[in-house]
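In: The sequence isn't on hand, but the structure is:
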């Protein structure tokens, strides 16, 4: 082998190795970014649904027991914004619809004093229906965004303590189906 062939082979090997390192680094970085984003998304979605469940339960309990209630509306607002920041467009749209549907419940319930003018259980349950339906849409949008292996849920869980026929509690007994 002559010197030119050795130099060319050595140079080609060095270029190939460098390209391999660069491409490998880019692929690794993309995978790490996806994992980071997925973790952020899950935490934001968990916090959003947690805040929702907290105030739905607090308002429901307060109205049914005739006791004062103090809800941290700032935390709810922050959780909506945080989830929207990391959500893909389809999930962000579902978050928007969810927020609007929760607003229907809040217009009925949070404007009344649970001590002097409580809302009855039937009104609470009916007012929570749009939020419950929007929660299911949101949950399924989140599940679709997480991957194809997660099937859509045909019923909703948590967040509304009412006995909706679409939920997991039987209207007659409250027992799981």
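Out: Looks like it came in fine. Keep in mind that this is a model prediction, so the values were computed, not measured.
In: drop to CA atoms for contacts and neighbour counts, all remaining ones
Out: Noted.
In: Find the centremost residue of the chain, please.
Out: Nearest residue to the geometric centre of the chain (Cα atoms, centre = their mean): residue 45, 2.9 Å.
In: helix or strand for residue 152, which one?
Out: Using DSSP states H and E, residue 152 sits within no helix or strand.
In: which residue sits closest to it, ignoring its sequence neighbours?
Out: Spatial nearest neighbour of residue 152, chain neighbours left out: residue 140 (5.4 Å); criterion: Cα to Cα, 6 or more residues apart in numbering.
In: Beyond the helix or strand hosting residue 11, next helix or strand please.
Out: Element membership of residue 11, judged by DSSP H and E, is helix 3-65. Going down the chain from helix 3-65, the next helix or strand is helix 73-86, by DSSP H and E.
In: Can you name every helix or strand that the helix or strand that that following helix is followed by contacts?
Out: Next helix or strand after helix 73-86 toward the C-terminus (DSSP H and E): helix 89-109. Applying 3 or more Cα pairs under 8 Å, 6 or more residues apart in numbering; DSSP states H and E, we find helix 89-109 packed against helix 73-86, helix 121-146.
In: Redo the ones you listed as TSV? Include distance to residue 36.
Out: Listed next are those as TSV, based on distance: least, Cα to Cα, whole Å:
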stretch	distance to residue 36
helix 73-86	11
helix 121-146	13
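In: Please work out which of those helices is packed deepest.
Out: Of all the helices and strands packed on helix 89-109, helix 121-146 carries the top mean neighbour count, a mean of 20, counting by mean count of other Cα atoms under 10 Å.
In: now it and helix 89-109, what's the angle there?
Out: Orientation note: helix 121-146 sits at an angle of 170 degrees relative to helix 89-109 (axes from the mean of the first three to the mean of the last three Cα atoms, to 10 degrees).
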